[in-house]
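K.L.:
sequence-free structure coming up:
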């Protein structure tokens with residue numbers, strides 16, 4: 001409920017400020033409607049009208065907070081000096097102004113407002129009761145209004161920072177997804193395209209299969225990119241689906257692994273798959289992570305390993321899932337084991353689920369292996 005009100009206030013600032021002004025005016029009205037002792041001057045319409053002059057400027061409190069504060073102080077001083085109207089239990093209008101300045105204004109304006117209020121409080125107390133208790137109470141409530149304004153500003157800045165961090169994480173996620181999709185599809189198409197001319201001369205039926213594999217990889221990449229780019233589209237505020245925006249396809253999971261392995265086999269690579277341990281359903285996000293990790297590891301094999309075969313293994317443990325992709329290629333050379341955006345994305349994906357990833361020479365120092373361990377949720 002509070003979030004909805006905050007969102008509504010952000011979308012309709014004029015209405016919110018007008019509502020605050022009306023609420024303050026209602027509070028200022030109370031001393032005029034309650035019975036007054038006979039010895040006190042009666043409440044008059046001019047006095048009540050002057051209270052409205054202290055509340056109406058609050059409509060502009062966020063557009064010109066310092067100017068509104070000066071106008072409110074001037075109207076309040078006129079009310080106190082020119083008319084002997086009912087007193088107010090609290091200086092509502094000045095409190096709202098000081099809170100707004102503390103929340104929205106830069107330091108120079110805040111300090112100037114605090115100085116003006118600090119000087120105005122003793123004058124107001126001297127004109128009213130001349131008691132130390134009133135002076136102490138007034139300084140306390142104005143200090144509290146200023147402190148609450150600063151706390152509200154700190155909360156808003158933290159919310160903006162959190163939103164920026166969330167945006168950065170989403171950008172990184174989309175970048176990883178697009179890298180994996182494009183890198184995998186383009187790598188397969190390049191391999192098939194390079195083998196195509198040779199197959200046309202030697203085995204035309206293999207050339208037809210290569211061209212079909214290129215087309216399949218391209219279509220699959222387009223489908224996944226269309227789904228990924230749908231994240232960047234602005235959705236309707238009311239949550240209703242827009243007929244112009246197609247529904248997004250779900251993220252790939254373990255059910256799509258056989259199709260992925262088949263596409264890689266179509267490029268001439270011998271791909272073997274094995275799953276060990278007690279298989280069980282996984283969260284959709286974890287399944288998507290496993291799929292992308294295997295996809296990126298196979299893409300690296302196609303692009304760099306010059307391998308004849310690769311083995312993909314999933315090992316279900318009591319508390320974690322191990323993913324191992326091992327090839328019989330030439331292994332890492334130079335900085336390949338630690339560089340590249342692909343392996344960085346694998347490590348980031350594993351870390352996002354509380355796991356870890358490593359890459360290096362395969363068993364007995366031959367080939368290359370990507371090893372990832374992902375914790376499984378309890379139960």
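P.N.:
Cool, the structure landed. Keep in mind that what you see is a predicted model, and the values were worked out from it rather than measured.

K.L.:
Now do the helices in the chain.
P.N.:
With helices called from DSSP state H, the chain shows them at 2-11, 13-33, 45-55, 65-82, 92-104, 107-128, 132-202, 204-229, 257-265, 284-300, 341-352.

K.L.:
Quick check: which of the ones you listed is nearest to residue 326?
P.N.:
Smallest distance to residue 326 across the helices of the chain (Cβ to Cβ): 9.2 Å, for helix 284-300. C-beta coordinates here come from the backbone N, C-alpha and C atoms, glycine included.

K.L.:
relative orientation of that closest one and helix 257-265 in degrees?
P.N.:
10 degrees (axes from the mean of the first three to the mean of the last three Cα atoms, to 10 degrees).

K.L.:
could you say what helices and strands helix 284-300 packs with?
P.N.:
If you count contacts as 3 or more Cβ pairs under 8 Å, 6 or more residues apart in numbering; DSSP states H and E, helix 284-300 packs onto helix 132-202, helix 257-265, strand 309-316, strand 320-327, helix 341-352, strand 368-375.

K.L.:
which outside residues touch that helix?
P.N.:
With contact meaning Cβ atoms under 8 Å, 6 or more residues apart in numbering, helix 284-300 is reached by 176-177, 180, 183-184, 187, 250-254, 256-257, 260-261, 264, 271, 282, 310, 312, 314, 321, 323, 325, 340, 342-343, 345-346, 349-350, 352-353, 357, 368, 370, 372, 374, 376.

K.L.:
What residues sit buried inside stretch 21-33?
P.N.:
21, 24, 25, 27, 28, 29, 31, 32 (16 or more other Cβ atoms under 10 Å).

K.L.:
likewise stretch 51-60?
P.N.:
Within stretch 51-60, the residues scored as buried using 16+ other Cβ under 10 Å are 51, 53, 54, 55, 56, 57, 58, 59.

K.L.:
Ends of it, what's the gap?
P.N.:
In stretch 51-60, first residue to last residue: 17 Å (Cα to Cα, to the nearest Å).

K.L.:
Show me what it is in contact with.
P.N.:
Residues contacting stretch 51-60 (Cβ under 8 Å, 6+ apart): 14, 17-18, 20-22, 24-25, 28-29, 32, 67-68, 71-72, 75-76, 78-79, 85, 93, 96-97.

K.L.:
at 6 Å instead, please
P.N.:
17-18, 20-21, 24-25, 28, 68, 71-72, 75-76, 93, 96 (Cβ atoms under 6 Å, 6 or more residues apart in numbering).

K.L.:
Drop anything exposed from those.
P.N.:
For these, buried by 16+ other Cβ under 10 Å: 17, 20-21, 24-25, 28, 68, 71-72, 75-76, 93, 96.

K.L.:
Identify, from these, the entry nearest to residue 10.
P.N.:
Using Cβ to Cβ, the buried ones among the contacts of stretch 51-60 come closest to residue 10 at residue 17, 12.1 Å.

K.L.:
Distance-wise, check the closest residue to the closest one other than its chain neighbours relative to residue 16.
P.N.:
In this structure, residue 17 finds its nearest non-sequential neighbour in residue 59, 5.0 Å apart by Cβ to Cβ, 6 or more residues apart in numbering. With distances taken as Cβ to Cβ, to the nearest Å, residue 59 is found 10 Å from residue 16.

K.L.:
picking up where we left off before, which two of the buried residues of stretch 21-33 have the greatest separation?
P.N.:
Longest span within those, Cβ to Cβ: 21 and 31, 17.9 Å.

K.L.:
check contacts around residue 13.
P.N.:
Contacts for residue 13 (Cβ under 6 Å, 6+ apart) come out as none.

K.L.:
Tell me the predicted confidence for it.
P.N.:
In this model, residue 13 is scored at 79, pLDDT.

K.L.:
Then the one 3 residues further on?
P.N.:
Residue 16 is assigned 84 on the pLDDT scale.

K.L.:
Number of residues surrounding it?
P.N.:
Other residues lying near residue 16 total 17 when counted by other Cβ atoms under 10 Å.

K.L.:
what do you get for the one 3 residues further on?
P.N.:
In terms of burial, residue 19 registers 14 neighbours under the definition other Cβ under 10 Å.

K.L.:
who's in contact with it?
P.N.:
By Cβ under 6 Å, 6+ apart, residue 19 has no neighbours at all.

K.L.:
mind checking how far it is from residue 26?
P.N.:
Distance from residue 19 to residue 26, by Cβ to Cβ: 11 Å.

K.L.:
what's the closest non-adjacent residue to residue 40?
P.N.:
Nearest residue to residue 40, sequence neighbours excluded (Cβ to Cβ, 6+ apart): residue 86, at 7.7 Å.

K.L.:
For burial, what's the neighbour tally of that neighbour?
P.N.:
Residue 86 is flanked by 21 other residues according to other Cβ under 10 Å.

K.L.:
wait, isn't it in contact with residue 29?
P.N.:
No. Applying Cβ atoms under 6 Å, one finds residue 86 not in contact with residue 29, separated by 9.9 Å.

K.L.:
tell me the contacts of the closest residue to residue 365 other than its chain neighbours?
P.N.:
Spatial nearest neighbour of residue 365, excluding adjacent residues (Cβ to Cβ, 6+ apart): residue 331 at 7.3 Å. Contacts here follow Cβ under 6 Å, 6+ apart; on that basis residue 331 touches 361, 367, 368.
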